[in-house]
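[1] What follows is a predicted protein model with its sequence.
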Amino acid sequence: MPRCPVEEGQWPACCIPLPISTASGFPPHSSAPNRHSAPLRLHSSIIPPMQVPGAVSEKGMPLGIDAATEEEYASQAKLLQEFSNIPIIDKAWIFKSDSANCSRAMFSVGQVNLLANKKRTVILSSHVSKTSKQSVDFQWTPFPIEMTGVSTVVPSPSGSKLLVVRNKENESPTQLEICGPSLLEKEIHIPQSVHGSIYNDKWFEGISWNHKETLIAYVAEEPSPLKPAFNDLGFKKEGCSEKDSGSWKAQGDWEEDWGETYSKKRKPSLFVVNINSGEVQAVQGISKSLSVGQVVWAPLSSHGCQNYLVFVGWSSENGPNQTPRKLGIKYCYNRPCALYAIRAPFQELKANEVPINDNEMDNFGTAINLTRGLSSAFFPRFSPDGRSLVFLSAKSAVDSGAHSATNSLHRIDWPADGKLQSSLNIIDVVPVVMCPEDGCLPGLYCSSFLSDPWLSDGCTMILSSVWGSTNVILSVNILSCEISRVTPNDSSYSWDVLALDEDNILAVSSSPIDPPQIKYGYHTGQMDQSNTWNWLNVSSPFARYSDKVKSFLSSLQFSILKIPVSDPSEILSNGARKPYEAIFISNKENKMDNACNPLIVILHGGPHSVSLTSYSKSSAFLSSLGYNLLIVNYRGSLGFGEEALQSLPGKVGTQDVNDVLAALDYVTGKGLVDVSKVAVLGGSHGGFLSTHLIGQAPDRFVVAAVRNPVCNLSLMLGTTDIPDWCYVEAFGSEGKDYFSEAPSAEYLKLFYNKSPISHLSKVKAPVLFLLGAQDLRVPVSNGLQYARALREKGVEVKVIVFPEDVHGIERPQSDFESFLNIGVWFKKYCK
Ligand SMILES: CC(=O)N[C@@H](C)C(=O)N[C@@H](C)C(=O)O
């Protein structure tokens, strides 16, 4: 029997093929894999998908599947590789130049390296000349620079210095490099006894240069605690943190972490490095129960002496909206958090200087909570004049318990004298939108802010936000609270702001059928006039895609469909009765016989997330295989106002299932579907929906593929990092109050009844399972239990477990193997 290929350059996933149409158990030597399991073996009837054509088994027999299937794998793998090669722009920075109308741009571009199973980042630079008001010229440097071993780069505010962070493995010191215009100026090595890796996770992450560019504040893992240690003489009193041949380290107490993707991370803590001396100090005065992130420097006070840091703190203490444990934070904006200010290290208090808070002398030196009364505050940004502190809030998510919801934007007028109090007035700039008027802002849904989001008037912020099924760029005047759409009203593409070039915008735009294109936007009228931005295409430095990909994509079309709610009952809020959306991708050419392509219904997870019209490698790949795609943003998705979003918790497994079926009816009614060839694909909550659909509507789907699906809430409850999610989605907002780590048998039954597993007996469709063995969100047991139960009743099942993958299954080879198998699985049952 062949072994799972695990050598370099091969594919590490373990396939656990479940014999087709058989009631027998797993092959005796295959087991639910985890990282401790012995190498898994493959059942002889199913061949590892990644076997290169021509490879042979231990017995000298061709390792394959039948020749036709092998051919299918080979041709789809080739196509998927073409799609995987398309580079993706990750970030960009613009630097002022000495010459007028010129600037310099630096782009961080990501590309997968399948063979090395790594994401590769390169830096590309460009000279930008605004040749006239209507044209811009980007002169690219001839070659990209690969950022091997670099975790992140952060330019200083003036653009004259660049911080390069290298987090090292194996307990080695973290390395900071400070680069000047043409050379490395300083290298600082920070041992693990000071702190661990610097966070670069896009959430706790925060790296901020001070105004003088002499200090950098940042978030890093706190140092490892001393562990109890033993030696020949017994207990070693001083403990042990380093390797010591004469003693051994015990485990010590287990500490709660922030769950999915954070299981190996120590608490995020705040540090400041002096780049001249190389000295690093931990910021004192922050409660041990706070995890910190997103630090920025506050403006200097009017007398120019005190320097404060403003940061976000997430408490792990019991409190309002809070359990006495840390719950998973990835994708969960409902964790309470607040903005805090603390005096920065490396400064002496001068004789005439007043402490941080006149009224709270005792508190001098401890962090002040600036946003008491608001359950959530994050992404702090100071306006250029230092008078306003602007931040986003996910209070709707925290207060309702939904893991993500409509955001609001707020402002605090920052005291010019630097005298801070925790009772600062919080002004609403953009409130939560409950039920948007047609064509109007549906509310804010932002996943990041630029580090410098300001236009030259100093009060207009540029940001990206979800608007229905698209991502748009908005301008927000934080003083007048006016908000306008910067990207074209009639564009169904998705846009993201990359950087500002004074009052011009560097952005990226894409669609399901158009890979990302760099855009340069300039304003044509007064700032207060909406929709007066013009957009220029920027020449791309890299071949955007091969001729093959180009020709596939140019044969496709897409549209955003408005799907009417099928049961607009009076008891629903107004927002929940409004149409929701689906993205439909199809071939431009009608087939000769007017037959439709097979259809894949694609369902996002969350459930409070959204499928956007931005380019997606996997959707483009599936479309190019000859499928139409129906990507449904069922009610509960982000981007449609708070009432529509909040209509779902308490009704998962019914309202969302009906929305998907209604969307399918809608396209079927328009003659766009061959009803005998419908597949369904979803991950996580999208997998919950997919497995519900094949159980509740077994005649409508001929095949399914699911990635880390939620199949049994009563099993998930005791194993996931977000048991609160199960309560809120199953029972609505009040589910928060029923939350318990020890659910009663009665609750377990209710959870079971709301789960796909309760409809299992009706399932007919063959199901492909793609599972991450390290997933803490929807642990592998959920998918495996359901797969085994299906197999028990004779339904065709195939399971691939990725031993090193977490919930996202994003490691390049795992992602590749997942989508290749989805392509081949669907082809087998749906062509
Ligand atoms: C909040 C959350 O993680 N929910 C999961 C059940 C889920 O659906 N996750 C989404 C974000 C996903 O797409 O993985």
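    Perfect, thanks for sending it.
[2] of all of the protein, which residue lies closest to the ligand?
    Per CB to the nearest ligand atom, Gly605 is where the chain lies closest to the ligand, at 2.4 Å. (Glycine included, C-beta is placed from N, CA and C.)
[3] if I pick the closest residue to that residue other than its chain neighbours, what's in contact with it?
    When the adjacent residues along the chain are set aside, Gly605 lies closest to Ser684, with 3.4 Å between them (CB to CB, 6 or more residues apart in numbering). Counting by CB atoms under 8 Å, 6 or more residues apart in numbering, Ser684 makes contact with Gly605, Gly606, Arg707, Asn708, Pro709, Val710, Arg777, Val778, His807.
[4] can you count the residues close to the first one?
    Right, the one you point to is Gly605. 24 (other CB atoms under 10 Å).
[5] before we move on, what about the last one?
    Counted by other CB under 10 Å, the residues lying close to His807 total 25.
[6] didn't the residue of the chain closest to the ligand look like it was pressed against Gly683?
    Yes - with contact defined as CB atoms under 8 Å, Gly605 and Gly683 form a contacting pair (5.2 Å).
[7] And the pLDDT at Pro2?
    Looking at Pro2, its pLDDT reads 33.
[8] ok, now Gln529?
    Looking at Gln529, its pLDDT stands at 53.
[9] still on that earlier bit, any idea which of the contacts of Ser684 has the most stuff around it?
    Across the contacts of Ser684, the neighbour count under other CB under 10 Å reaches its highest value at Val710, namely 34 neighbours.
[10] If you drop the residues flanking it in sequence, what lies closest to that one?
    Phe688 (3.9 Å).
[11] Kindly report the residues of the stretch 551-700 of the chain close to the ligand.
    Gly605, Gly606, Ser609, Gly683, Ser684, His685 (CB under 6 Å from any ligand atom).
[12] Narrow the residues you listed to those in helices?
    Judged by DSSP state H, helices contain the following of those: His685.
[13] Output the residues of the stretch 551-700 of the chain next to the ligand in JSON lines, with pLDDT and distance to Glu729 appended to each entry.
    Conversion of those to JSON lines gives the following (pLDDT from 0 to 100; distance: CB to CB, whole Å):
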{"residue": "Gly605", "pLDDT": "98", "distance to Glu729": "11"}
{"residue": "Gly606", "pLDDT": "98", "distance to Glu729": "9"}
{"residue": "Ser609", "pLDDT": "98", "distance to Glu729": "13"}
{"residue": "Gly683", "pLDDT": "98", "distance to Glu729": "16"}
{"residue": "Ser684", "pLDDT": "98", "distance to Glu729": "12"}
{"residue": "His685", "pLDDT": "98", "distance to Glu729": "8"}
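[14] Looking at the residues of the stretch 551-700 of the chain next to the ligand, which one is closest to Pro415?
    Among those, Ser609 lies closest to Pro415 (CB to CB), at 38.2 Å.
[15] Would you confirm that that closest one contacts Gly636?
    No - the criterion here is CB under 8 Å, and Ser609 misses it with Gly636 at 9.3 Å.
[16] Doesn't Gly783 belong to a helix?
    Yes - assigned with DSSP: H, G, I helix; E, B strand; the rest coil, Gly783 falls within a helix.
[17] Can you give me the distance of it to Pro157?
    Gly783 sits 47 Å away from Pro157, taking CB to CB, to the nearest Å as the criterion.
[18] got it, and Tyr829?
    56 Å.
[19] Over to Ser388?
    In terms of CB to CB, Ser388 sits 17 Å off from Pro157.
[20] between these two, who's got more neighbours?
    Ser388 (21 against 15).
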